[in-house]
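Student: Provided below for reference: sequence and predicted model.
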Amino acid sequence: MSTATYAGVTVDVNDEGFLERPEQWTRDVAVELARADGIAELTERHWQVIEFMRQEFFAKGTGPTVRALGKSSGVSVKELYQLFPKGPAKTAAHIAGIPKPKGCI
């Protein structure tokens, strides 16, 4: 495990850059993670998905799949791909500070 610093906060990350300890996450950290993932600005729709990802992780112990996101987050699958073009579940999980969902490459 290594560390990285985002928004002045040092966090523990794995070899893919996902936070090892989701409790180290802040909204400011999310903004910097988003920039690193090529998303210049997080809109309210981004935040809706990010907050949903965190709620699901803390309730179920894992992040939702793209299909579950499309069904339950209030954001369609098509819009998810517009918001997170490099892969909605994986990118949203990264920005949300939770582990990569099962099934993501």
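Tutor: Done, it's in.
Student: Count the residues that sit near Val13.
Tutor: 19 (other C-beta atoms under 10 Å). Every C-beta, even on glycine, is put in place using the N, C-alpha and C of the backbone.
Student: Phi, psi for the closest residue to it other than its chain neighbours please.
Tutor: Among residues not flanking Val13 along the chain, Ala4 sits closest, at 4.9 Å (C-beta to C-beta, 6 or more residues apart in numbering). The phi/psi pair for Ala4 (degrees, to the nearest 10) reads phi -140, psi 160.
Student: ditto for the one 5 residues further on
Tutor: For Val9, the backbone dihedrals are phi -110, psi 130 (criterion: degrees, to the nearest 10).
Student: That one and Thr26 touch, don't they?
Tutor: Yes. The pair Val9 / Thr26 is scored as a contact, 6.2 Å apart, by C-beta atoms under 8 Å.
Student: where do the contact lists of these two overlap?
Tutor: Counting by C-beta atoms under 8 Å, 6 or more residues apart in numbering, no residue touches both Val9 and Thr26.
Student: Done for today, thanks.
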